[in-house]
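S.K.: Pasted the sequence and its predicted model underneath.
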Amino acid sequence: MVEIGSVLEISYFDIALLVVLVYVVYRMFLKKADPLPPPPKRVPPLPKQDMTVEQLRKYNGTDDEHICIALLGEIFDVTRGKNFYGPDTAYAPLAGHDATRALANMDLKLVQEEYDDPSTLSEVDKDEAKNWADTFRVKYPVVGRLLAPGEEPKDYKGEEATM
């Protein structure tokens, strides 16, 4: 009796390649692809507005779905970065606060609950805070200004915060 393997010269390596080929063809043409996860919920943009420290606090990702951070007097909507600034994240203490002093010194314990005048920062800290602000301006829309006590807000006439 003649063995088929010896006539066709098929080895175990050829059989393994055939199995791989059949699997690849099955995956490419016959098996349905796994469905993609639904896209994340898109949060509508905030209207442009100047805020006091008290008004800013509600934008912490818990009390409101938006997350805002003030830096050198500008308020940024960092909602897109909720994996960094949202509840239960490393930078959550910055959400809804003026983060100027904390980011300038890279110390989250320096987040203030009251208005923190950036003019009291050292020149080195101001430069570091300016670098952070430049980075934020590229990544996040500016909502408005953080108001010092007694300062009046600007009327943006319903304009939305965009990049």
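M.R.: Received it, and whenever you're ready, just let me know what you need. Numbers count the residues shown, from 1 in each chain.
S.K.: contacting residues for Glu159?
M.R.: 47-48 (Cβ atoms under 8 Å, 6 or more residues apart in numbering). Any C-beta I mention is one placed from the backbone N, CA and C, and that applies to glycine too.
S.K.: Would you mind pulling up the elements that the helix or strand encompassing Ala104 packs against?
M.R.: For Ala104, the host element (DSSP states H and E) is helix 100-105. Applying 3 or more Cβ pairs under 8 Å, 6 or more residues apart in numbering; DSSP states H and E, one finds that helix 100-105 makes contact with strand 68-71, helix 123-139.
S.K.: Can I get the ones you listed in JSON lines including mean pLDDT?
M.R.: Compiled in JSON lines, the helices and strands packed on helix 100-105 are given as follows (pLDDT from 0 to 100):
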{"stretch": "strand 68-71", "mean pLDDT": "97"}
{"stretch": "helix 123-139", "mean pLDDT": "96"}
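S.K.: C-terminal to the helix or strand bottoming out on mean pLDDT in the chain, what's the next element?
M.R.: None of the helices or strands of the chain scores lower by mean pLDDT, DSSP states H and E than helix 4-8, at a mean of 59. Per DSSP H and E, the first helix or strand lying C-terminal to helix 4-8 is helix 12-25.
S.K.: on contacts alone, who are the packing partners of that next one?
M.R.: Helix 12-25 packs on no helix or strand, going by 3+ Cβ pairs under 8 Å, 6+ apart.
S.K.: What are the buried residues along the following helix or strand past that helix?
M.R.: Downstream of helix 12-25, the first helix or strand assigned by DSSP H and E is helix 53-57. Along helix 53-57, these residues count as buried under the neighbour rule (16 or more other Cβ atoms under 10 Å): 53, 55-57.
S.K.: Now for Ala70, how many residues are close by?
M.R.: Look at Ala70: counted by other Cβ atoms under 10 Å, it has 26 neighbours.
S.K.: In this structure it contacts Ala95, no?
M.R.: No - at 10.6 Å, Ala70 does not count as touching Ala95 under the criterion of Cβ atoms under 8 Å.
S.K.: Confirm that Thr89 sits in a strand.
M.R.: No - Thr89 is assigned coil when assessed by DSSP: H, G, I helix; E, B strand; the rest coil, not a strand.
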